[in-house]
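S.K.: Next comes the sequence, and after it the predicted model I'd like to discuss.
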Amino acid sequence: TKSVFEEDGPVVFTINRDGGAFGGGAIDWRITGIADPNLDFVSKSGQVTFSNGQRSATLSIPIIDDSIQEDVETFKLELISTNIGRFNTTTTTDTMATINIRASDNPHGNLIIDNTSPYVADEDKDSGAIFITILRKFGSVGTVAAVLTAEDPNGDFDANNVPVVFEDGQTSVKVALVFTRDSIP
């Protein structure tokens, strides 16, 4: 298994001929998996060629660095046929490799406080809390948890370190900062 970031460039594999290098020929390969050809990587099949006496060759699969926010995507490289001998098929690790493309974009998004209107509460008249909207911008893949910490030099809030949880696809959450009812105006 190989893991790469989108901006790392191509994934390079070395294909080795064991047990002799007489004659030239080719090994056919293909890619399967959930990553999309021509969106996440270039090519979905091809050939690796060997000259007479050549014991190893490289196979390079270019990874596409896009701006699409996505989670980890996986594809498999499989050696499928050859005209220069046979595969050592004792295990599939000899003829198959898994590649994980780790997105360089943040698919989970960025959390920000919605500051489109001021948050004002009156201790005597309101419900005893200020409700703050936290927005999830530029991505909403997966569950994300954070903690909202309010600086409170005057001791006006009962709660600090308020948990904030976004479920997969959720883009806003309201959290309550409960304030202390006191006689100080």
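M.R.: Nice, thanks for sending it over.
S.K.: need the strands for the chain, in chain order.
M.R.: For the chain, the strands defined by DSSP state E occupy 2-5, 11-16, 25-33, 45-50, 56-61, 73-82, 96-102, 110-113, 129-137, 144-148, 162-166, 172-178.
S.K.: can you tell which of the ones you listed is closest to Leu39?
M.R.: Nearest to Leu39, of all those, is strand 73-82, at 9.4 Å by CB to CB. C-beta coordinates here come from the backbone N, C-alpha and C atoms, glycine included.
S.K.: For the protein, give me the ranges with low pLDDT.
M.R.: By pLDDT under 70, the low-scoring segments of the chain are 85-93, 103-105, 117-127, 152-160, 180-185.
S.K.: Am I right that Ser43 is in contact with Trp29?
M.R.: No - with contact defined as CB atoms under 8 Å, Ser43 does not reach Trp29; the gap is 9.3 Å.
S.K.: The two: which has the busier surroundings?
M.R.: In this view Ser43 and Trp29 are compared by other CB atoms under 10 Å, and Trp29 has more residues nearby, 24 against 14.
S.K.: I'd like to know how far the more buried one sits from Pro107.
M.R.: 29 Å (CB to CB, to the nearest Å).
S.K.: which residues touch the residue nearest to Gln54 when sequence neighbours are not counted?
M.R.: In space, and not counting its chain neighbours, Gln54 is closest to Ala21: 6.0 Å by CB to CB, 6 or more residues apart in numbering. Ala21 makes contact with Phe50, Asn52, Gly53, Gln54, Arg55, according to CB atoms under 8 Å, 6 or more residues apart in numbering.
S.K.: at 6 Å what do you get?
M.R.: Gly53, Gln54, Arg55 (CB atoms under 6 Å, 6 or more residues apart in numbering).
S.K.: Ok, Gly142 next?
M.R.: His108, Asp168.
S.K.: Now it: phi and psi?
M.R.: When read as degrees, to the nearest 10, the backbone of Gly142 gives phi 80, psi 170.
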